[in-house]
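Visitor: Here's my sequence, what's the structure:
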Amino acid sequence: MPEKRTFIIHPFILAIYPILFYYNLNKHVVWFSETLMPMATLLFVAFLVFVLLKIIFKRTTKAGILTSFILILFFSYEAIQTGVVNCKIWDLILNLDPNLLWSYGILLTLAATGLCFWNGRSHKVTKYLNAVSVILIAFPLMGLANHKISNLGSKLFAPTQHDYAVIPDNFHYVGSKPDIYYIIMDGYMRDDVMEEFWGFDNSEFINYLANHGFYVAPKSRSNYPNTGLSLASSLNMGYLSTTLGTDTVNRINNISLLESIEKNVVAKFLKSIGYLYIHLSDDATDTKKNGEANIVITNRKYISSFSQYLLSKTIFKNIKTKSLDEIQIKRNNILYGFKKLEEIPRNDEPTFTFAHFLMPHGPQAFDKNGDIPIQSASESDKYFGEVLYANKKIRHLVEYILANSEIPPIIIIQGDHGYSFTISNRPGVDEVKKRYSNFSAYYLPGQGGKKLYKTITPVNSFRLIFDHFFGTQYGLLEDKSYFPIHRHPETTLIPMPSEDHLSNRGLSAWITILKQTILKQTILKQTILNKPDLAEAHALLGRYYILLERFPEAKNSLEKALHLNPNLIWAQISLALTYSLTKDYSMALDAINQAIQMNSKISEAHKTLGEIKMATGNYSEAISS
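Guide: Numbering: from 1, shown residues only. A predicted model of the protein is given here:
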């Protein structure tokens, strides 16, 4: 009997559904372009399987059904293996067939045999599977669409601009151009914190660096607690917007942090004065984009990290091959990277090298001798074992670079943050120290090292270097660290107390106050939406923005309040304070004098005037105020 003509799409939708599903889960750290190759590959494989089964069964509907069944089994492997562990029957099966290879073979044989002898209405099943597959793929597509829409943001309360440095106009430099190495050791923390909390003595390595001309900052602290935020700041020599978008830590004003790392100011400036930009970052999510680099060093030739992640969800998970083993891939990438860095001094052109090594960040791939660590060892033992091996690799690299560079190079070896662990929403002092205390070592030839100081943070690394070696006038920013507080629909980065002012009670109180501030800020925004002409709400919102150091937004809110009610004196005083905090003292004086004209008996206005006079150096007038 001839087969009824039926349109078959379900195998091909099911081929790409898992890819879109996992991309949707990881869309902030995976570029959509990374899905194209696995989607094309799976569609091609699904087509080949479909054609082969059609030849065997002589019916397209049966071929489609079995193709979909194979795809479901293929991508359900991890879920089946881990999700049924509490079931006694499956416990028995897993004991007999831990890799499920026999189980899968039996299931496929039964399914193929059943289809072969089944004479039911397969076209109806096909229509049902078509409908189910369309509904299924709609979920990740809707998630992606919602993500795109949410990134458009609210125009009423748009995030503030990040405070990145800019390249000087018409800047020319004709002096000496030493090679510059910016080497990020992911999660490498400060030596005193290692000693304080784990009793680990890293002084031998610190002394080695000091004896070779390095300055190791004894009180360095990362500006942010994770890689994406930290490197976006240090490579752009500025602080991020204190408000990040709906999708938490990976959006700034709807521009991906990953893009701001890829198109960073440091590399652009150095390229503008004749440097060759070399980029090394295998498997590092936050730094893998390298479109601005002149030379890309990579050991990943065939399979992307996202494709490797997808394979880990399938039956390939338990295939023991070095090309798919996460630890072996990491080992190969790191060893290859250190080897290739030794070739850089041979370049005739001046080079800026950015190298990001995922060590000692977990999962650790080296013990202290360079062997694969015992995975059952404690996390701290594995961490410090890899620290010791990292020290050996760094020492060898430093000696080679210094010995083979015609012009003494500039070298920064830095942890992007401290010890990697999930920090709580109300961290104690110990948590803050472990997470923020990063390793920072600088080799600045000539007199450059004399300008370094013990509390330098990554945001000032290249500001100091560019000003000293190339004559720019960036100046140094205040060294600050920020703590992210997540409250839908935005993440707010909160300035933290300095390390000298930390105490358990003080830190907890600080977190509580700031969370209350953000809650009140959210309530005020809703109030303004309901009552846009309520001047007091705009003024209060402006004051909360001042507390959060969101000064452009504070200025806008306070000016709006004064437009609605020109006699709101405390809004006028707050506006003067905003100008003063942003060092626009002329506007600050105008604003506070207007407040005093409104009511000369308000002591807060005279106090603010005195503070502005002090900031401008008019001490006698400040005292009289």
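Visitor: which stretches of the chain form strands?
Guide: Assigned by DSSP state E, the chain shows strands spanning 180-185, 215-216, 243-244, 251-252, 255-256, 276-280, 295-297, 351-357, 410-414, 440-443, 482-487, 490-495.
Visitor: measure the residue nearest to residue 297 when sequence neighbours are not counted to residue 472 for me?
Guide: Residue nearest to residue 297 in three dimensions, not counting chain neighbours: residue 280, with 4.1 Å by CB to CB, 6 or more residues apart in numbering. Just so you know, the C-beta spots here come from the backbone N, C-alpha and C atoms, and that holds for glycine as well. When CB to CB, to the nearest Å is the yardstick, residue 280 and residue 472 sit 26 Å from each other.
Visitor: Comparing those two, which shows the higher neighbour count?
Guide: Neighbours were counted for residue 280 and for residue 472 using other CB atoms under 10 Å; residue 280 has more, 27 against 19.
Visitor: Could I get the pLDDT score of the residue sitting nearest the centre point of the chain?
Guide: In the chain, the C-alpha nearest the mean C-alpha coordinate belongs to residue 228, at 2.3 Å (CA atoms, centre = their mean). Reading off the per-residue confidence, residue 228 sits at a pLDDT of 88.
Visitor: quick one: low-confidence parts of the stretch 401-550 of the chain?
Guide: 421-426, 486-490, 502-516, 518-519 (pLDDT under 70).
Visitor: you'd agree residue 435 is up against residue 230?
Guide: No: the criterion here is CB atoms under 8 Å, and residue 435 misses it with residue 230 at 11.0 Å.
Visitor: what's the closest of the strands of the chain to residue 264?
Guide: When the strands of the chain are compared for distance to residue 264 using CB to CB, the nearest one is strand 351-357, at 8.4 Å.
Visitor: what's the angle between that closest one and strand 276-280?
Guide: For strand 351-357 against strand 276-280, the angle by axes from the mean of the first three to the mean of the last three CA atoms, to 10 degrees is 10 degrees.
Visitor: I figured residue 16 hits residue 41, correct?
Guide: No: using CB under 8 Å, residue 16 makes no contact with residue 41, being 10.4 Å away.
Visitor: Between those two, which has more neighbouring residues?
Guide: residue 16 (20 against 14).
Visitor: and the more buried one, what does it touch?
Guide: Residue 16 makes contact with 39, 42, 43, 137 under the criterion CB atoms under 8 Å, 6 or more residues apart in numbering.
Visitor: can you rerun that using 6 Å?
Guide: residue 39 (CB atoms under 6 Å, 6 or more residues apart in numbering).
Visitor: And it, how far from residue 71?
Guide: Look at residue 16 and residue 71: by CB to CB, they are 10 Å apart.
Visitor: Pull the number of nearby residues for residue 124.
Guide: Neighbours around residue 124, by other CB under 10 Å: 12.
Visitor: Residue 166 too?
Guide: 12.
Visitor: Please enumerate residues in contact with stretch 432-441?
Guide: By CB under 6 Å, 6+ apart, stretch 432-441 touches 188-190, 193, 209, 214, 216-217, 220-222, 225, 413-415, 417-419, 423, 481.
Visitor: Ok, stretch 534-543 next?
Guide: Outside stretch 534-543, the residues that reach it (CB under 6 Å, 6+ apart) are 524, 527-528, 554, 557-558, 560-561, 564-565, 568, 571, 574.
Visitor: if you set the cut-off to 10 Å instead, what comes out?
Guide: Contacting residues not belonging to stretch 534-543 are listed as 157, 517, 520-521, 523-532, 550-551, 553-568, 570-575, 577-578 [CB atoms under 10 Å, 6 or more residues apart in numbering].
Visitor: List buried residues within those.
Guide: Buried members of the contacts of stretch 534-543, counted by 16 or more other CB atoms under 10 Å: 157, 517, 521, 524-525, 527-528, 550-551, 553-562, 564, 568, 570-575, 577-578.
Visitor: if we can go back for a sec, so the residue nearest to the centre of the chain sits right up against residue 262, yeah?
Guide: No: Residue 228 is beyond contact range of residue 262, at 11.6 Å (criterion: CB atoms under 10 Å).
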